[in-house]
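Novice: pasting the sequence and the predicted model now:
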Amino acid sequence: MSPEPLEPMLDLARHALTNAHAPYSRFRIGACVRSGSGRLYAGCNVENVSYPVTQCAEATAIGAMVAAGERQIVEVVIVSEGAEPCPPCGRCRQQLAEFASPQTRVHLCGPEGLRLSATLGELLPMAFGPNSLNRPT
Ligand code: THU
């Protein structure tokens, strides 16, 4: 099976980035997830004057997917404007792991396009997962 083209995901993530609410960090991020059905869901970071209340772009995209009734992520695009590729923060890695697999590809992009790809397993080795919840009987 040939991989899906990245451009539609990039376009949606780039557009979401332009809607980012980032007056405090001035660091705008756009994200897009491809779901199991093939639909694309985008999001941007939404900052708050109470800084820790900020929502990351990945969380916004995941929330849109879940709100639409989907539960599987098969590919992820993250777009930032900095000089370096912007890897997802630890919290976002855990949130992605809820709906993705260790093989899921995460593409780190700049406005110009793809910069670096990694699997979620590479980004989040030894993940805390459902099996970690085994409690003593
Ligand atoms: N940010 C994201 O949106 N995703 C990440 O994975 C890393 C950080 C946002 C949060 C905040 O609005 C800004 O980047 C600076 O930390």
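Specialist: Nice, thanks for sending it over.
Novice: the residue nearest the centre of the chain: what secondary structure?
Specialist: Geometric centre of the chain, nearest residue: Glu58, 3.5 Å, by CA atoms, centre = their mean. What DSSP: H, G, I helix; E, B strand; the rest coil gives for Glu58 is helix.
Novice: what's the closest non-adjacent residue to Glu75?
Specialist: Arg34 (4.1 Å; CB to CB, 6 or more residues apart in numbering). (Glycine included, C-beta is placed from N, CA and C.)
Novice: pull up the distance across stretch 55-74, start to finish.
Specialist: 22 Å (CA to CA, to the nearest Å).
Novice: actually stretch 51-61, not the one I typed
Specialist: First residue to last in stretch 51-61 (CA to CA) measures 20 Å.
Novice: what does stretch 46-62 give?
Specialist: 14 Å.
Novice: what of stretch 96-116?
Specialist: 18 Å.
Novice: for stretch 46-53, same thing?
Specialist: 9 Å.
Novice: now it: buried residues?
Specialist: Judged by neighbour count (16 or more other CB atoms under 10 Å), stretch 46-53 contains these buried residues: 46-47.
Novice: please apply the same query to stretch 62-71.
Specialist: Buried, per 16+ other CB under 10 Å, within stretch 62-71: 62, 64-65, 70.
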